[in-house]
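**Q** Structure for the following, please:
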Amino acid sequence: MKLAKKLSIAAASIALSFAAVSAKPAQAASVNFVSQLGGTYNYNVLATGTPSEKLLKSASITLSGLEGVTGVNVNSSFLNLVGFDANNVFLTLKKATANTLTGNPFTGLDFSVVSSFTTPSPVSFSVLSGTNFNAGNTTGPSDVPEPMTVGGSLLAVGFGTWMKRKKAESAQKA
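**A** Purely as a prediction, here's the structure:
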């Protein structure tokens, strides 16, 4: 009888552990870096949870850690630009069917940040939708090596390999 009781307690503990590991915190959405064209950096808002993730009409979206912001282009009829400064962008959700947007990913929540200078470091975001809050970092623009740098590196590796092979051949002849 004691063994059955201990086994049932162990089984219940394991089941609760798996449930706790797979549980996700309540999150509203996340901001995703999409692309860069010159000084324009394109972002969209993505659901972070299930396909039925919701953003309330009063949801607010904030990007921080930017540098040299000179403008913001909202490419969505659902987003409203509250304001921006050189380091931050503030947006809210302005209209949606039945006061919410549902989906994964949300459609029509695209915006662009125009900057005179942006470092290739991550950009912080926060999304507040009712009681659901999500914050994190989105990948910002990243450095891309120049073709000459890549070509020169490949040439140096090839030349080094050739020299090593030549040295090995001369050592075998001697």
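
**Q** Ramachandran angles for M163?
**A** phi -60, psi -40 (degrees, to the nearest 10).

**Q** Check the burial of it by counting its neighbours.
**A** 10 (other CB atoms under 10 Å). No exception for glycine: its C-beta is placed from N, CA and C like everyone else's.

**Q** need the helix or strand of the chain with the lowest average pLDDT.
**A** strand 100-102 (a mean of 58; mean pLDDT, DSSP states H and E).

**Q** Now do the following helix or strand past it, average pLDDT.
**A** Once strand 100-102 ends, the next helix or strand along the chain (criterion: DSSP states H and E) is strand 110-115. Averaged over strand 110-115, pLDDT sits at 86.

**Q** before we move on, what about stretch 42-50?
**A** 73.

**Q** same deal with stretch 67-82?
**A** Throughout stretch 67-82, pLDDT has a mean value of 85.

**Q** Name the residues of that stretch that are buried.
**A** V69, V72, V74, S76, F78, L79 (16 or more other CB atoms under 10 Å).

**Q** Report the two of those separated the most.
**A** Largest separation among these by CB to CB: V69 and F78, giving 21.3 Å.

**Q** what bridges to the closest residue to G83 other than its chain neighbours?
**A** Using CB to CB, 6 or more residues apart in numbering and skipping the chain neighbours, the partner closest in space to G83 is F90 (5.2 Å). With DSSP bridges applied, F90 shows beta-bridge pairing to T62, G83.

**Q** Read off the pLDDT value for F90.
**A** pLDDT at F90 comes out at 90.

**Q** ok, it to E169 distance?
**A** For F90, the distance to E169 (CB to CB, to the nearest Å) stands at 67 Å.

**Q** quick one: which of the two has more around it?
**A** Taking other CB under 10 Å, F90 and E169 do not tie; F90 has more neighbours (16 against 9).

**Q** for this protein, which spans come out with low pLDDT?
**A** Along the chain, segments meeting pLDDT under 70 span 1, 4-28, 47-53, 95-108, 118-121, 139-147.

**Q** What ranges does it have for its helices?
**A** Remark: helices assigned in the chain by DSSP state H are 2-22, 147-173.

**Q** Can you tell me the closest non-neighbouring residue to N75?
**A** Closest residue to N75 apart from its sequence neighbours, by CB to CB, 6+ apart: D110 at 4.4 Å.

**Q** G65: how many residues sit nearby?
**A** Using other CB under 10 Å, G65 has 16 other residues around it.

**Q** Regarding it, what are the backbone dihedral angles?
**A** Per degrees, to the nearest 10, the backbone of G65 is at phi 90, psi 10.
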